[in-house]
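Asker: turn this into a structure:
(chains A, B and C)
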Amino acid sequence: MTTIHTIYKKLFTYYGEPQWWPADSPFEVMVGAILTQNTAWQNVEKAIANLKQSKMLTPDAILKGDIGELAAQLKPSGYFNIKAKRLRNYCDWYRGQGEQKELSELDTAILRTELLSVNGVGPETADDILLYAFNRPVFVIDAYTRRIFSRLGMIAGDEGYEALRLWFENHYQTDVSEVERVEIYRHYHALIVMHAKAHCRKKADCDLCPVIKKCRHFTSE
DNA sequence: ACCCAGGGTCATA
DNA sequence: TATGACCATGGG
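Answerer: Alright, predicted model coming up:
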């Protein structure tokens, strides 16, 4: 029987423990979460390198000065004008909340609502930040996740984001501690993205995806 | 030349 | 509620 857990085990066995979301600080994760919106991570790395180079990888530095200069740093990551605004919106909120101090005290559901109130932070970005920066047990739903579980016949595929997230969280490993759950969610999302990258380079590949229907990692059992 | 990437907002019907 | 336009660079 194919379950959320058996898929995880196969991915983990095949790819190993993922070294994912490399960052020197939680704030760097937050910046990366916004910059990676509909953008290849490789391009995001260049933009983050630019910010580090010019010592702008802090809320204060992002908020002060000319927004055009900030946008110029973000150029390699695409959508640089709108992402400059989104980074500022985020930093405005983040600094206003006393950064990690008060935020770490908030209940996960409240913190999630707060994140979603920032213009430019949607559900996936918010969950990236919750899971990889705040270590909260929230599973990230992306296009790959939807496609994989849909192809496996475990979901319809046209559910809304929130419905899918709750489906995953409520049907998976309800008997583990919160710390373990965070660890598993981090690994799982990373493995799904790794798997998709390995097998779905082009859309044509995805539509016939050997990984989902025929791939040995998913069909045996 | 075309397709897509570790999405989200806004205007329109 | 649900589409469509828009944002924009870089690699396959």
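
Asker: which helix or strand contains the residue nearest the centre of chain A?
Answerer: The centre of chain A sits closest to residue A:128, judged by C-alpha atoms, centre = their mean, with a distance of 3.5 Å. Using DSSP states H and E, the element containing residue A:128 is helix A:123-132.

Asker: run through who's touching that helix.
Answerer: A:21, A:23, A:29-30, A:33-34, A:36-37, A:108, A:111-112, A:115-116, A:121, A:136-142, A:161-162, A:165, A:182, A:185-186, A:189 (C-beta atoms under 8 Å, 6 or more residues apart in numbering). Backbone N, C-alpha and C define where each C-beta goes, glycine included.

Asker: say whether DNA strand B is contacted by the helix or strand just after it.
Answerer: Remark: after helix A:123-132, the chain's next helix or strand is helix A:143-151, criterion DSSP H and E. Yes - applying C-beta under 7 Å from any atom of the strand, one finds helix A:143-151 touching DNA strand B at residue A:143.

Asker: now helix A:143-151, how far from the chain's geometric center?
Answerer: Chain-centre distance of helix A:143-151: 15 Å, with C-alpha atoms, centre = their mean, to the nearest Å.

Asker: and for stretch A:145-160?
Answerer: 18 Å.

Asker: for stretch A:55-72, same thing?
Answerer: Distance of stretch A:55-72 from the chain centroid (C-alpha atoms, centre = their mean) equals 23 Å.

Asker: let's see that stretch as CSV, backbone CA atoms only.
Answerer: Taking C-alpha atoms only, stretch A:55-72 is exported to CSV below (Å, rounded to 0.1, in the frame of the first residue of the first chain):
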residue,chain,number,x,y,z
LYS,A,55,26.4,44.1,3.3
MET,A,56,22.7,44.5,2.6
LEU,A,57,21.6,41.2,4.0
THR,A,58,20.0,42.8,7.1
PRO,A,59,16.5,44.2,7.7
ASP,A,60,17.9,47.7,8.3
ALA,A,61,20.0,47.7,5.2
ILE,A,62,17.2,46.5,3.0
LEU,A,63,14.8,49.2,4.4
LYS,A,64,17.1,52.1,4.1
GLY,A,65,18.4,53.8,1.0
ASP,A,66,17.2,53.9,-2.6
ILE,A,67,14.9,51.0,-3.5
GLY,A,68,16.3,51.1,-7.0
GLU,A,69,19.7,50.2,-5.6
LEU,A,70,18.2,47.3,-3.8
ALA,A,71,16.4,46.2,-7.0
ALA,A,72,19.8,46.3,-8.8
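
Asker: may I see the buried residues of that stretch?
Answerer: Neighbour counts using 16 or more other C-beta atoms under 10 Å place A:56-57, A:59, A:62-63, A:70-71 of stretch A:55-72 among the buried residues.

Asker: quick one, longest helix in chain A?
Answerer: helix A:178-199 (DSSP state H).

Asker: so what does that one touch, helix or strand wise?
Answerer: helix A:4-15, helix A:123-132, helix A:143-151 (3 or more C-beta pairs under 8 Å, 6 or more residues apart in numbering; DSSP states H and E).

Asker: ok, that helix near DNA strand B or not?
Answerer: Yes - with C-beta under 7 Å from any atom of the strand as the criterion, DNA strand B is reached by helix A:178-199 at A:193, A:196-197.
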